[in-house]
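[1] model the structure of this input:
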Amino acid sequence: MNIGNKSHTINKENYKNIIIGILLILTSTFIFVFFSVWIIFAKVAPYKENNYESNFWKCLIEFLINDKTYCLAIPLILPITIILFYFRWIAFRYFKHS
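    Predicted structure coming up:
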């Protein structure tokens, strides 16, 4: 019995799914890198008083500079991701061997 004997043809629907997947990966990577650099740069950049047109930007920049919580979240993402990948691998192993 050969279950995986399907012919994999690439049609328009598959191209659409591949492009959407690549765009999702690129967008999430860009957002992660952008906000990571922004949070780290806000900590080390010298702050000078600017007259912003909006009070929102001034509050946001002051929040990022005076932040004590979110600056620690970025370094903690890597070990948590590794642990979650390990748990996922263990779960697949249990599923496969049960």
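[2] can you give me the helices for this structure?
    Under the criterion DSSP state H, the chain contains helices at 12-44, 55-65, 70-97.
[3] nearest residue to Trp38 other than its sequence neighbours?
    Distance criterion C-beta to C-beta, 6 or more residues apart in numbering; nearest residue to Trp38, sequence neighbours excluded, is Leu64 at 7.2 Å. From N, CA and C alone the C-beta is placed, and that goes for glycine too.
[4] mind checking which helix or strand of the protein has the lowest mean pLDDT?
    helix 55-65 (a mean of 75; mean pLDDT, DSSP states H and E).
[5] mean confidence for stretch 88-98?
    Average pLDDT, stretch 88-98: 86.
[6] now it, how far from the centre of its chain.
    Chain-centre distance of stretch 88-98: 25 Å, with C-alpha atoms, centre = their mean, to the nearest Å.
[7] show me the domain layout of the protein.
    Domains of the chain are assigned by automatic domain parsing as 11-67, 71-98.
[8] CSV please, covering the ones you listed and showing mean neighbour count.
    Below are these laid out as CSV (neighbours: other C-beta atoms under 10 Å):
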stretch, mean neighbour count
domain 11-67, 11
domain 71-98, 10
